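Novice: what's the 3D shape of this:
(one chain, ligands or ions: 1)
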Amino acid sequence: MSDAAATRSLRVRVLGAGVAGLAAAGLLARRGHEIEIVDEAFAVPAVGTALGLFGPAQRVLAELGLLEDVRNRAAAPRSGRLVGADGRTLAQLPAGGALLIPRSELVRLLLDALPDQVARRTARIADVRPLREGADLLVGADGVHSLVRASGWPGRGRARSHGVTILRGTAEIPPPEVSETWGGGWLFGITPLPGERTNWFAVIPEHRSPTVAAALTHLRGVLGERRAPIDRVLEAARAETTLVHGMHTAPPMPWPVRENVVLIGDAAHAMAPNLGHGANTALVDAAALTASLARHADLRRALRDYAARRGIAGQAWRVGSAAMANLALADRAAPARDRRLRTLGALSPASAPGS
Ligand SMILES: Cc1cc2nc3c(=O)[nH]c(=O)nc-3n(C[C@H](O)[C@H](O)[C@H](O)COP(=O)(O)OP(=O)(O)OC[C@H]3O[C@@H](n4cnc5c(N)ncnc54)[C@H](O)[C@@H]3O)c2cc1C
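Specialist: The predicted structure follows:
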C-alpha cells in the first residue's frame, strides 16, 4: 500500500546523460524534483544507427511528450525474416509495433526535452562520494561500465566481455530486405531507417582492427559472398557511418538499490543486443523510478518499491538476451539449431495459409 502522497521535492543527482539518465531527469523534473544531471560530454551519437522501441517504451515517450516526435522520425517495419546461412527462412519475425529510430535522434529529442530547471554539469566523474553529498538521491545511469555500480556494489563492478566484435552502421540505400541472418558463429541484421535508408549490424568473432575502414574490410572478408542482400549492404557501408565495439554485459544485479543510490539502464542490466531491449528497459526503468517516488513519500520505501518492481524484470531481459545471443551465435550447433527453428517456424501461426 502506498503511503501519503509523495509531495516532497527531492534533490536528485543523475550521473549519465544517455537514454536512461535523460529520461529519468526529464520525468523526475516534471514531478517537481530538483535535478542535476552530470555527464562527461552530453554527446549526441555521431552515427545514427537504429534502436527499436516497443509498446512499453513508447508509453514512457508519451509521458515525456515525445511519442509523436519519435514516430515522425522513425521507420515502422511490419515484419522481417530470420534467415539461415544458406538463405532459407528460419522464421518470420513480426515487428511487434516497433518504431526504429536512430539512437542519435532519440538522444537529441530527450536532451532538447529536458525542462529548463534541470541543471546540467559537464564533468568526468572519478569519485562517486561528492555526488552523494547534498543530494537526497543519486541515480546511477552511467552505462555498462558504471562507476556508481563499481562504487556501491563491490564485486559486481566489472562488465563481462563476450569475445565478439560488433559492427553497426547506416547505408544510403533502401534496405534490400528486413532480416537477421544467423550463420555459424556470426550474425548480420538489416533493418530500415526513415528516408529509404538502411541500418545494419553484424556480430563476428573478436577481431581488433587499427581503423574502422580496416574493420569493414575484415567484415567484408568474413561475411562477403554468403548472401546477396548482405553483399549489397556491405558494399554501401562506409567507415564514417560505421561503429565498431565489443559486446559487454553487466554482472547479475537483482537489487539495484543501496541506501540512497539506485542504478537504472545499462548500469543495472547492460545486456547483449540480441533482443533489442537495452534502451527499452532503460526507458521503463526511468518511468518506474518516477512512479515509485510518487507513490511513497518515504525515500527508502520508494526505492524498495522500485527495486521490487524493476530488479528482476531488468535481469530477465539481461538473461534472455544472453540466451538469444548464444543461440544466434552458435557455431558447431548451427545446423541442428536451424533444423529445429525451421520445424518450429513451419508450425507457427505466421506460416499458416493466408497469414
Ligand atoms: C549493437 C547494439 C544494438 C542495440 N540495439 C538496441 C535496440 O534495438 N533497442 C534497444 O532498446 N536497445 C538497443 N541497444 C542497447 C541500447 O543502446 C543501450 O541499452 C542504451 O542506450 C543504454 O542507455 P544508458 O543510458 O543506460 O547508457 P549509456 O547510453 O551508455 O549512457 C551512459 C552515459 O553515462 C556517461 N558516463 C559514464 N560514466 C561517466 C563518468 N564517470 N562521468 C561522467 N559521465 C559518465 C556517458 O557519457 C553516457 O552519456 C543496442 C546496443 C547495441 C550495442
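
Novice: The helix or strand harbouring Ile166: how far from the chain's middle?
Specialist: Ile166 is part of strand 160-171, with elements assigned from DSSP states H and E. The chain centroid and the centroid of strand 160-171 are separated by 13 Å under CA atoms, centre = their mean, to the nearest Å.

Novice: what helices or strands is it leaning on?
Specialist: For strand 160-171, the packing partners by 3 or more CB pairs under 8 Å, 6 or more residues apart in numbering; DSSP states H and E come out as strand 197-205, helix 212-223, strand 242-249. For the C-beta atoms, the positions are set from N, CA and C on the backbone; glycine is no exception.

Novice: what's the closest of those to the ligand?
Specialist: Among those, the nearest to the ligand by CB to the nearest ligand atom is strand 197-205 (5.2 Å).

Novice: What is the closest one packed up against?
Specialist: By 3+ CB pairs under 8 Å, 6+ apart, strand 197-205 packs against strand 160-171, strand 187-193, helix 212-223, helix 228-236.

Novice: got the contact list for it?
Specialist: Strand 197-205 is contacted by residues 49-50, 100, 102, 163-176, 185-193, 219, 222-223, 233, 236-237, 247, 273, 325, 328-329 when judged by CB atoms under 8 Å, 6 or more residues apart in numbering.

Novice: circling back to that earlier point, just the angle for the strand holding Ile166 relative to helix 228-236, thanks.
Specialist: Using axes from the mean of the first three to the mean of the last three CA atoms, to 10 degrees, one finds that strand 160-171 and helix 228-236 are set 80 degrees apart in direction.

Novice: Give me the mean pLDDT for the next helix-or-strand element following strand 160-171.
Specialist: Using DSSP H and E, the helix or strand that follows strand 160-171 towards the C-terminus is strand 179-182. Averaging the model's pLDDT scores along strand 179-182 yields 97.

Novice: just checking, what packs against strand 179-182?
Specialist: Other helices and strands packing on strand 179-182, by 3+ CB pairs under 8 Å, 6+ apart, are strand 79-84, strand 187-193, helix 299-328, helix 334-347.

Novice: interface residues of the stretch 251-355 of the chain facing the ligand?
Specialist: Residues of the stretch 251-355 of the chain lying close to the ligand (CB under 6 Å from any ligand atom) are 265-266, 273, 276-280, 282.

Novice: So for Arg304, which of the helices and strands packed on strand 197-205 sits nearest?
Specialist: strand 160-171 (27.7 Å; CB to CB).

Novice: Sheet partners, orientation included, of the closest one?
Specialist: strand 197-205 (antiparallel), strand 242-249 (antiparallel) (DSSP bridges).

Novice: orientation of it relative to helix 299-328 in degrees?
Specialist: Orientation check (the same axes, to 10 degrees): strand 160-171 against helix 299-328 gives 70 degrees.

Novice: Tabulate the strands paired with strand 160-171 (a markdown table), appending mean pLDDT and mean neighbour count.
Specialist: Shown next, in a markdown table, are the strands paired with strand 160-171 (pLDDT from 0 to 100; neighbours: other CB atoms under 10 Å):
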| stretch | mean pLDDT | mean neighbour count |
| --- | --- | --- |
| strand 197-205 | 97 | 22 |
| strand 242-249 | 97 | 18 |
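
Novice: Which one of those strands lies nearest to Pro229?
Specialist: strand 197-205 (9.8 Å).

Novice: Send over the closest one as PDB, restricted to the C-alpha atoms.
Specialist: Taking Å, rounded to 0.1, in the frame of the first residue of the first chain, the C-alpha atoms of strand 197-205 are listed here in PDB:
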ATOM      1  CA  ARG A 197      17.900   4.200 -45.800                       C
ATOM      2  CA  THR A 198      19.400   1.100 -44.200                       C
ATOM      3  CA  ASN A 199      20.500   0.200 -40.700                       C
ATOM      4  CA  TRP A 200      22.800  -2.800 -40.400                       C
ATOM      5  CA  PHE A 201      24.600  -4.700 -37.600                       C
ATOM      6  CA  ALA A 202      27.000  -7.600 -37.500                       C
ATOM      7  CA  VAL A 203      28.400  -9.800 -34.800                       C
ATOM      8  CA  ILE A 204      31.600 -11.700 -35.700                       C
ATOM      9  CA  PRO A 205      34.300 -13.500 -33.700                       C
END
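
Novice: residues in contact with Pro102?
Specialist: Contact analysis of Pro102 by CB under 8 Å, 6+ apart lists 48-51, 73, 170, 193, 199.

Novice: any idea how far the ligand is from the closest residue to Glu196 other than its chain neighbours?
Specialist: In space, Glu196 comes closest to Pro174 once its chain neighbours are excluded; the distance is 4.4 Å by CB to CB, 6 or more residues apart in numbering. From Pro174 across to the ligand, the span is 20 Å (CB to the nearest ligand atom, to the nearest Å).

Novice: Ramachandran angles for Pro174?
Specialist: phi -60, psi 150 (degrees, to the nearest 10).

Novice: and it, what is it in contact with?
Specialist: Taking CB under 8 Å, 6+ apart, we find Pro174 in contact with 192, 196-198.
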